[in-house]
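> Quick one, fold the following:
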Amino acid sequence: MPSIELITVAGVDAVAHWKQLREQYDSTGKYPVLLGSRRDYDAWCKRRVDSSSNAEILAEARTVAFPDWFLERRNAELDPSPADRDMWPSEPPEPIDIAAHLEPESGLPRAEALVGLVPCASPPELFGQLPWGGWSDCPWPAEHAAVMRYWLDKYG
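Presented below is the predicted three-dimensional model:
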């Protein structure tokens, strides 16, 4: 498991605390990530899908080409199967905001939330240490790292 520092904060203050820690990344070299509850984090540690090393994930991330990756995913989604066409929503869904600090059932802030400080030379590297993804339609960790690298290169 990655060597990250876990900080417990009040759920109601979690986003503000996370933003403050993000502003300190350049001086600390530790990128903050909202991890939800301690139980959520422990469950993720037990069920993680990708067992690749940090170096393997980051090497694979360098092979993901943009914007081609986005275009391939979009084109696959634009041609739904006949069964899916009848279920296609007429309106787009509401945007989703940061929610790791919220209780899933109520949408209210958790009593406590975890913020992880991930030591990394650049933010995309955090996906090598916290390899999220690879289940359902969630991108793999290398794709997450590549998306973040692309975003930072394009938008800073």
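
> confidence score at the nearest residue to V15 once chain neighbours are set aside?
Counting by CB to CB, 6 or more residues apart in numbering, I98 is the residue found nearest to V15 once chain neighbours are left out, at 5.7 Å. Bear in mind the C-beta positions are built from the backbone N, C-alpha and C, glycine included. Per-residue pLDDT puts I98 at 91.

> where does I98 fall, phi/psi-wise?
Backbone dihedrals for I98, given as degrees, to the nearest 10, come out at phi -60, psi 130.

> That one: what's it in contact with?
By CB atoms under 8 Å, 6 or more residues apart in numbering, the residues touching I98 are V15, W18, L34.

> Now for this protein, the helix or strand with the poorest mean pLDDT.
Ranking every helix and strand in the chain by mean pLDDT, DSSP states H and E puts helix 82-85 at the bottom, with a mean of 64.

> And the contacts of the very next helix or strand once past that one?
Next in sequence after helix 82-85, counting helices and strands by DSSP states H and E, comes strand 112-119. For strand 112-119, contacts defined as CB under 8 Å, 6+ apart pick out 2-11, 14, 17-18, 21, 28-38, 40-41, 100-101, 126, 129-130.
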